[in-house]
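S.K.: Sequence first, predicted model second:
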Amino acid sequence: MRFFIAAMLLIFMSTPAPASTWELVRDDGERAIRVYLRDVPQSSYKSFYAVTQVRGTLSAVVAVLSDVPAMPEWIARMKTVKLLRRNADRELWVHARYRLPYPFVERETVLYSFMRQDPNTRVVTIVTRSVPGFVAVQKDRVRLINMHSTWKLTPEKGGMVRIEFWGEGEPGGYVPPILFNYNLPDEPVQTLRNLRKMLTREKYRTKHLHYIKEG
């Protein structure tokens, strides 16, 4: 049984913790995916850091990450998503719902994401956090109010892109921390596996975004 991890879409704790604080817990050598966990101060729930490398362009990866209707196809446990507002190509607000295994009820949240690209390094980051408002809280669901996630896309030699994904938060209601933490690595593994599959689709693979400068 796997539990929803409080991290998703996109993105960003501004500065990840030093590598020495992370413990490697999953290593999918076939797909070049590694997942690490660490303790979070004043919380019983751990945070994760996941990394992989893909052949492709920054535009292709950003095209997948910003395609709101397609998000449930690759983000682990996401059931539905609705675009609430988009500000040019840099900001968006969405309402997302997530499946949890019985007997836990659905979780839902409003997420705000902001994207930026460093003009010198070409590194793209997308910072996402849960925000209040926009959608009324439903009695039959649990509203997630403490979610943070980050995507960092780094162009590398040979037409490769390094994809890094951080996330932390709490699952809302009560999920035993020992179960949450045990199953936490499964979610970024599944998300990155699905993302790698999405990047093989022609509509993403050949995408050129005018607001993204390639490395």
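M.R.: Perfect, thanks for sending it.
S.K.: Give me the buried positions along the longest helix anywhere in the chain.
M.R.: Longest helix in the chain by number of residues, with DSSP state H as the criterion: helix 186-198. In terms of neighbour count (16 or more other CB atoms under 10 Å), helix 186-198 has its buried residues at D186, E187, P188, V189, Q190, T191, L192, R193, L195, R196, M198. Yep, even glycine has a C-beta here, placed from its N, CA and C like the rest.
S.K.: Quick check: the gap between the residue lying farthest from the centre of the chain and H95.
M.R.: Among the C-alpha atoms of the chain, the one farthest from their average position, using CA atoms, centre = their mean, is that of K139, at 26.1 Å. K139 is 16 Å from H95, where distance means CB to CB, to the nearest Å.
S.K.: again, but for I126
M.R.: Distance of I126 to H95, given as CB to CB: 18 Å.
S.K.: Surely A70 is within a helix?
M.R.: Yes - the assignment for A70 (DSSP: H, G, I helix; E, B strand; the rest coil) places it in a helix.
S.K.: Local confidence estimate at it?
M.R.: pLDDT recorded at A70 is 98.
S.K.: give me the low-pLDDT residue ranges for this protein?
M.R.: Counting by pLDDT under 70, the chain contains low-confidence residues at 1-20.
S.K.: 90 instead, please
M.R.: Across the chain, residues meeting the criterion (pLDDT under 90) sit at 1-21, 30, 42-43, 88-89, 100-105, 137-140, 170-176, 215.
S.K.: What ranges does it have for its helices?
M.R.: Under the criterion DSSP H, the chain carries helices at the ranges 58-65, 177-183, 186-198, 202-205.
S.K.: and of those, who's closest to D118?
M.R.: helix 58-65 (11.4 Å; CB to CB).
S.K.: Spatially nearest residue to T191 (excluding sequence neighbours)?
M.R.: In space, T191 comes closest to A76 once its chain neighbours are excluded; the distance is 4.7 Å by CB to CB, 6 or more residues apart in numbering.
S.K.: State the distance from the one you found to P177.
M.R.: Counting by CB to CB, the gap between A76 and P177 amounts to 19 Å.
S.K.: and these two? which has more neighbours close in?
M.R.: The neighbour count for A76 versus P177, taken as other CB atoms under 10 Å, is higher for A76 (21 against 15).
S.K.: T121 - nearest residue in space that isn't next to it in sequence?
M.R.: Leaving aside its chain neighbours, T121 sits nearest to T154 (7.6 Å; criterion: CB to CB, 6+ apart).
S.K.: From I212, how far off is that neighbour?
M.R.: Distance from T154 to I212, counting by CB to CB: 13 Å.
S.K.: This structure: strands as residue ranges?
M.R.: All strands of the chain, identified by DSSP state E, fall at 23-28, 33-38, 47-55, 78-87, 91-98, 107-117, 124-130, 142-143, 147-156, 160-169.
S.K.: Now render these as TSV, adding mean neighbour count and distance to K207.
M.R.: Rendered in TSV, the data for the strands of the chain read as follows (neighbours: other CB atoms under 10 Å; distance: least, CB to CB, whole Å):
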stretch	mean neighbour count	distance to K207
strand 23-28	13	26
strand 33-38	21	23
strand 47-55	21	14
strand 78-87	14	17
strand 91-98	20	17
strand 107-117	20	15
strand 124-130	22	14
strand 142-143	18	34
strand 147-156	21	14
strand 160-169	22	13
